[in-house]
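Colleague: Need coordinates for the following:
(one chain, ligands or ions: 2)
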Amino acid sequence: MKELRKVLVSRAQLESRVKELGAAISRDYEGKELVLIGILKGAAVFMADLMREISFPVAIDYMSVSSYGSSSTTSGVITIKQDINTDIRGKHVLLVEDLIDTGLTLQHLGQLFALREAASVSICTILSKPSRRLADIPIDYCGIEIPDEFVVGYGLDYAEQYRNLPEVWIVETEEQQ
Ligand SMILES: O=P(O)(O)OC[C@H]1O[C@H](OP(=O)(O)OP(=O)(O)O)[C@H](O)[C@@H]1O
Ligand code: HPA
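Modeller: Numbers count the residues shown, from 1 in each chain. Ligands and ions are numbered 1, 2, ... in the order given. Okay, the predicted model is just below:
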């Protein structure tokens with residue numbers, strides 16, 4: 001187990017930002033066929049909250065990707081572990097993430113969905129660490145920018161634990177002990 005250091009983003013902050021993102025998405029996609037694609041596992045919690053803030057019917061699907069690298073960083077090489085089974089050709093795709101760190105995962109997925117002939121591909125994340133970015137990807141809907149700290153909760157894990165915490169916590173890493 002890891003020591004939880006402090007709450008970085010409270011439940012109330014998450015709730016209010018998710019409402020704002022849902023309202024913006026509802027405005028922007030009104031009258032369009034929208035498919036939300038959650039990137040497992042981390043996005044599961046945010047996805048469940050976000051979809052209920054969208055004011056018209058949307059289709060949802062999930063995909064699971066893995067990046068090769070150490071447990072706390074990503075290398076940019078990703079493999080699809082589980083793909084969507086929705087035909088997204090001609091539909092508007094919104095990729096839903098819990099955290100954008102280097103941006104390499106979303107850069108790769110954005111290219112993949114463009115090749116699959118989606119009408120448009122946009123990105124929504126609840127958390128972003130801009131100081132870690134390696135790929136300059138446009139984030140269409142960005143929830144909360146956070147500093148370069150290892151965080152858990154609201155879907156995010158450390159060694160598969162803590163995803164169920166309702167707030168976002170900073171966790172003590174090995175180097176800090
Ligand atoms: O911007 P990047 O540097 O590419 O990193 C972001 C990705 O890393 C995390 O997922 P992780 O690989 O930890 O999988 P998980 O969601 O199953 O925990 C996060 O949920 C993003 O999917
Ligand atoms: O801060 C983080 N928390 C959980 N998973 C992560 N993957 C990259 N950064 C993080």
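Colleague: Spell out which parts of the protein neighbour ligand 2.
Modeller: Neighbours of ligand 2 within the chain, by Cβ under 6 Å from any ligand atom: 99, 101, 150-152, 156-157. Using the backbone N, CA and C atoms, a C-beta is placed for each residue, glycine as well.
Colleague: any idea which of those residues is the one closest to Cys142?
Modeller: Leu99 (11.0 Å; Cβ to Cβ).
Colleague: Now that closest one: closest residue in space, sequence neighbours ignored.
Modeller: Leaving aside its sequence neighbours, Leu99 sits nearest to Leu127 (Cβ to Cβ, 6 or more residues apart in numbering; 4.5 Å).
Colleague: Surely that neighbour and Val168 touch.
Modeller: Yes - taking Cβ atoms under 8 Å as the definition, Leu127 is a contact partner of Val168 at 6.8 Å.
Colleague: shared neighbours, those two?
Modeller: Common contact partners of Leu127 and Val168 (Cβ atoms under 8 Å, 6 or more residues apart in numbering): 9, 146, 151, 154, 156.
Colleague: who in this protein is up against ligand 1?
Modeller: 39-42, 67, 74, 97-105, 157.
Colleague: Mark which of the residues you listed are buried, thanks.
Modeller: Buried by 16 or more other Cβ atoms under 10 Å: 39, 42, 67, 74, 97-105, 157, out of the residues of the chain next to ligand 1.
Colleague: Near Val96, how many other residues are there?
Modeller: Residues near Val96, counting by other Cβ atoms under 10 Å, number 25.
Colleague: which residues pair with it across the strands?
Modeller: Gly38, Cys124 (DSSP bridges).
Colleague: how about the helices in the protein?
Modeller: 11-29, 44-51, 104-115 (DSSP state H).
Colleague: in the first one, what's buried?
Modeller: Within helix 11-29, the residues that qualify as buried by neighbour count (16+ other Cβ under 10 Å) are 14, 17-18, 21-22, 25, 29.
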